[in-house]
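Novice: sequence unavailable; structure follows:
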């Protein structure tokens, strides 16, 4: 009867990914919201995962002046979980995943020695 009622779990995932895409950095820094991001990545298709990834790679300059925020995310206590889930769950042939992985590898020497970043490099 109501057209605005969500019909399936896939629709819930898509809506949740769109909502969370506007607050990715806040979520990766959050003790609880980082789990929402990882579950979106784990249970959604690549389009929804890309919404989350865009929040990591878009308009970001890390503290060392490097474009993108994947390395910054990887150095966060909870953000490293998000990056690890992207690497585990999303095919590496996608252009945006290549961009994330390239940034991480470019910063690998710093990340391998970092308290949280080393989890991503492993």
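Specialist: Received, thanks. Values in this document were obtained by computation on a predicted structure and should not be read as measured data.

Novice: residues in contact with the helix or strand of the chain with the lowest mean pLDDT?
Specialist: Taking mean pLDDT, DSSP states H and E as the measure, the chain has helix 9-20 as its least confident helix or strand, at a mean of 85. Applying CB atoms under 8 Å, 6 or more residues apart in numbering, the contact partners of helix 9-20 are 6, 27, 33, 36-37, 40, 43-44, 48-49, 51-52, 55. In short, each C-beta sits where N, CA and C put it, glycine included.

Novice: with stretch 46-58 instead?
Specialist: With CB under 8 Å, 6+ apart as the test, stretch 46-58 has contacts from 13-14, 17-18, 20-25, 28, 37, 40-41, 68-70, 73, 82-83, 86, 89-91, 94, 96-97, 99-100, 103.

Novice: quick one: the helices in the chain?
Specialist: Taking DSSP state H as the criterion, the chain carries its helices at 9-20, 24-28, 33-43, 46-57, 70-74, 79-89, 95-106, 108-111, 117-121.

Novice: flag every buried residue along the second one.
Specialist: Right, helix 24-28. Of all the residues in helix 24-28, those buried under the rule 16 or more other CB atoms under 10 Å are 24, 27, 28.

Novice: contacts for that helix, please.
Specialist: Residues external to helix 24-28 that are found in contact with it (CB under 8 Å, 6+ apart): 20, 33-34, 36-37, 52, 54-56, 69, 73, 76, 78-79, 82.

Novice: most neighbours among the residues you listed, which one is it?
Specialist: residue 73 (32 neighbours; other CB atoms under 10 Å).

Novice: what sits against it?
Specialist: 25, 28, 56, 79, 80, 82, 83.

Novice: that'll do, ta.
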